[in-house]
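In: When you get a sec, could you give me coordinates for this:
(one chain, ligands or ions: 1)
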Amino acid sequence: MIAGVDIGGTKVALGLIDSNGAVVTRVDIPIEVDRGPANARDRMLKVMRQLNHEIDGGFRGIGIGCTGPIDAITGEMGDVNTLPGWQGWNPMRELADEFKVTVALENDADAAALGEARWGAGKGKRSMVGLTVGTGIGAGIIFEGKVYRGAGNAHPEIGHHIMEPDGPLCTCGATGCWEALAAGPSIEQWYAEQNPEGGVRTCKEICALARAGDAAAQRAVDRLATYLGIGLSNVIHMLMPEVIALSGSVMQSADLLLDPIRAIVRNNCRVVPSENCLITLSSLGANAGLIGAAQVWHTRFDSEHKEKL
Ligand SMILES: [Zn+2]
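Out: Residues are numbered from 1 along each chain as shown. Okay, here's the model as predicted:
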């Protein structure tokens, strides 16, 4: 049994994942930022000791998916704006010392993509991009079951490829990034600006209004689908993966988005066989992060799937 640890911006999900990629136990620990990082970490360790005690022989290993920036090789966390005080903490080292087993860590987008490639929408395929569209746009590129790493083991940031040089300011400081045009907050802001009397609405609410026939909401959804479709066309032109698996809160409205996205991709991608790239939804659902965390361990340490670093 592998222990999965999914460290997000607001909570830590812990779980036990069996050798078939099924989540046997799951415990969510909300991170109360006001009480400091040690508080959340102590609660996390307490639950993990309990889980380790409950299973025969204890954990076989521990896999961690962690919100970035992180160093996937040393295990050290960088500066995450929702987690003040966590920078410099090394969950990989701490859990290895505590439980005396091998521990592996990845950026959470890479972890979820690894799980999806092994157990979900990318099963049996050579190349897959797992794309999460929520408060930002994050991606994991998987080739032959392994995470693609850039120079110095860097995690590429597909969400920050620039589409509109004069576009809105992005959280990264550049303007017109894909994330600044097609993630949840951007559609919310655009709708509020275009439709001041409609007030501030969440992406989910805007999609519901669009389904009910609200013209301003429909324009916002069309714009969202257009930017998602253009961004995916760029991804397909550059990587031509066999599968793109979409997840994240924005994709909960896939009924409004998938068909237009596919039509835009078909129209844009004329020099690559885009029909060979399946654009689909992630199939692991709410447990994708935990299943992915377990797969991080398998990829690093399990002899059958071992990654050379
Ligand atoms: Zn950016």
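In: show me the contacts for the residue sitting nearest the centre point of the chain.
Out: Centroid-nearest residue in the chain, with CA atoms, centre = their mean: residue 109, separated by 3.4 Å. By CB atoms under 8 Å, 6 or more residues apart in numbering, the residues touching residue 109 are 68, 130, 132, 138, 139, 140, 155. For glycine as for every other residue, the C-beta is placed from the backbone atoms N, C-alpha and C.
In: Which two of those residues have the greatest separation?
Out: 68 and 130 (14.4 Å; CB to CB).
In: Between those two, tell me which one has more neighbours.
Out: Neighbours per residue (other CB atoms under 10 Å) separate residue 68 from residue 130, with residue 130 holding more: 31 against 18.
In: List the residues that contact the more buried one.
Out: Counted by CB under 8 Å, 6+ apart, residue 130 has contacts 109, 112-113, 116-117, 122, 139-140, 142, 244-245, 247, 282.
In: got it, and residue 155?
Out: 68, 69, 72, 107, 109, 110, 149.
In: did I read that right, it in a helix?
Out: No - in this structure, residue 155 is coil, not part of a helix, as judged by DSSP: H, G, I helix; E, B strand; the rest coil.
In: For the stretch 201-309 of the chain, which segments count as strands?
Out: 243-247, 278-281 (DSSP state E, counting those that start in this stretch).
In: For the helix or strand where residue 27 lies, give the mean pLDDT please.
Out: Residue 27 belongs to strand 23-30 when elements are defined using DSSP states H and E. Taken as a whole, strand 23-30 has an average pLDDT of 96.
In: okay, that strand in PDB with CA atoms only?
Out: Extracted C-alpha coordinates of strand 23-30, given in PDB (Å, rounded to 0.1, in the frame of the first residue of the first chain):
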ATOM      1  CA  VAL A  23      -7.900   4.900  -3.200                       C
ATOM      2  CA  VAL A  24      -8.700   2.700  -0.200                       C
ATOM      3  CA  THR A  25      -8.800   5.500   2.500                       C
ATOM      4  CA  ARG A  26      -8.900   9.200   2.200                       C
ATOM      5  CA  VAL A  27      -8.600  12.000   4.800                       C
ATOM      6  CA  ASP A  28      -8.600  15.700   4.000                       C
ATOM      7  CA  ILE A  29      -6.900  18.100   6.300                       C
ATOM      8  CA  PRO A  30      -7.800  21.800   5.800                       C
END
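In: Which of the contacts of residue 109 sits closest to the ion?
Out: residue 138 (11.7 Å; CB to the ion).
In: separation between the nearest residue to that closest one once chain neighbours are set aside and the ion?
Out: Excluding the flanking residues, the one nearest residue 138 by CB to CB, 6 or more residues apart in numbering is residue 109, at 3.7 Å. As judged by CB to the ion, to the nearest Å, residue 109 and the ion stand 15 Å apart.
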